[in-house]
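S.K.: okay, sequence plus prediction incoming.
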Amino acid sequence: MSIVQKINEYLTKREFTVNESIKYEFGNLCGWALKRQVMESSERKGGLYLSSCGKCTRAQAYNFHSIEKSGKEQDSRSAIVFLYGDIIENMIVALAKTAGCDIFATGLSQLKVPIKVGDKTIIGHSDGLVFDDGIKLFECKSMSSYAFNMFQRGEINPEYMSQINMYLEGTKLDQCMLVAFAKDSGMLGEKLITKDPEIVKDGYRRLKEVLDSTPKKLPMREHTFDSKGHLPWNCTFCSFYNVCWEDKIERVLVGKSYKLKRK
C-alpha cells in the first residue's frame, strides 16, 4: 500500500492513536520552520545548491557568483509561501509516520546528498527515505490545483524531476516516492519515480555549466519571449530578471497576474 493510501485510510477510518514522539517532532519542526523563515534573516548567500539544479543555469550562475539580486523580491507573500511549504512537508511526514509508513532520515535528521562535479562537491538534503520493498527516496511537494492536476496526469515539473534524479544519483538509489499536496483542495497524490540516466546526465551538465561560468561568461538564457512578447512564469519569479534582461523588459499586469514583457 502506498504512502498516500495509508494516510487516507488512517484518516478515513478515524481509529486515531496518540504518538507522543511524532507529536513532539512535528511541533518542534514547525517551530524551527517559523524561526527560520520569519524570525531570522536567513537568506542564503551565493552558492550552488543541488535542490536548484533543474532551474535556469543562468539564474543559478548569478547566485553562484554572488551577483546582486534585482528582480522578484522576497516579499510578505513569498515568506508565507516558504513557511507554508515547510509546514506542509512536516505535516505529510507526521501523517505518514502516524499511519504506519516506515519513513526515516526526515526533519533535522535529513540525509546529506553529495554530487561530485570535477573537484567540487555539491550538497543537497533529501526530504527523507522510506522502506517499501527496499529503501527508496522520499520527496514531498506542495503545489497549486493546476499543477496538481498536471501531476496526476503524469506531467511533473522538470525542475522537480531534475532534483529528484540527482538526489537518486547522490544516494545511489533507483526510485523515489514523490508525494504531492494540492494547496487549494487538500488532495494528496503520489508517483513512483525511477531514475532516468538521461535526466542525470543533463543534471551533471547543468551543474558543470554553472561551475565553469564566470561573471562575464554566463550560461545562455534558457527562456525567451513568446509571440506576445511575454517571458514565461519562470522569469517572473526569478530574483535576477532585471540583471538578465537589463532595460529590455517591464513588469505588466495581464489579466489577474503580472508578467514580464519586452519593451
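M.R.: Here it is on my side, so go on.

S.K.: where does the closest residue to His230 other than its chain neighbours fall, phi/psi-wise?
M.R.: Using Cβ to Cβ, 6 or more residues apart in numbering and skipping residues adjacent in sequence, the residue nearest His230 is Lys259, 4.8 Å away. Yep, even glycine has a C-beta here, placed from its N, CA and C like the rest. In terms of degrees, to the nearest 10, the main-chain angles of Lys259 are phi -140, psi 160.

S.K.: mind listing what Lys259 touches?
M.R.: His230, Leu231, Trp233, Thr236, Arg251, Val252 (Cβ atoms under 8 Å, 6 or more residues apart in numbering).

S.K.: could you rerun that using 10 Å?
M.R.: 226, 228-233, 235-236, 249-253 (Cβ atoms under 10 Å, 6 or more residues apart in numbering).

S.K.: repeat for Leu253
M.R.: Lys259.

S.K.: what lies in contact with stretch 220-238?
M.R.: Contacts for stretch 220-238 (Cβ under 10 Å, 6+ apart): 55-59, 62, 69, 71-72, 78, 159, 206, 209, 241, 244-245, 248-249, 251-252, 254, 257-263.

S.K.: filter those to the buried ones?
M.R.: The neighbour count (16 or more other Cβ atoms under 10 Å) marks 55-59, 62, 69, 71-72, 206, 209, 241, 244-245, 249, 259-261 as buried among the contacts of stretch 220-238.

S.K.: mark which of those residues are part of strands, please.
M.R.: In this view, those that belong to strands under DSSP state E are Ile249, Lys259, Leu260, Lys261.

S.K.: distance from the helix of greatest length in the chain to the middle of the chain?
M.R.: Longest helix in the chain by number of residues (criterion: DSSP state H): helix 76-98. Chain-centre distance of helix 76-98: 12 Å, with Cα atoms, centre = their mean, to the nearest Å.

S.K.: helices and strands around that helix, which ones?
M.R.: helix 3-13, helix 20-34, strand 103-104, strand 128-131, strand 135-143, strand 175-182 (3 or more Cβ pairs under 10 Å, 6 or more residues apart in numbering; DSSP states H and E).

S.K.: want to throw those into TSV with mean pLDDT and distance to Ala96?
M.R.: Putting those into TSV (pLDDT from 0 to 100; distance: least, Cβ to Cβ, whole Å) gives the following:
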stretch	mean pLDDT	distance to Ala96
helix 3-13	94	5
helix 20-34	93	10
strand 103-104	95	5
strand 128-131	95	8
strand 135-143	95	8
strand 175-182	96	8
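
S.K.: pLDDT score for Gly229?
M.R.: Per-residue pLDDT puts Gly229 at 93.

S.K.: also Glu43?
M.R.: 59.

S.K.: repeat for Met39
M.R.: On the pLDDT scale, Met39 gets 89.

S.K.: low-confidence stretches in the stretch 151-263 of the chain?
M.R.: Applying pLDDT under 70 to the stretch 151-263 of the chain picks out no residues at all.
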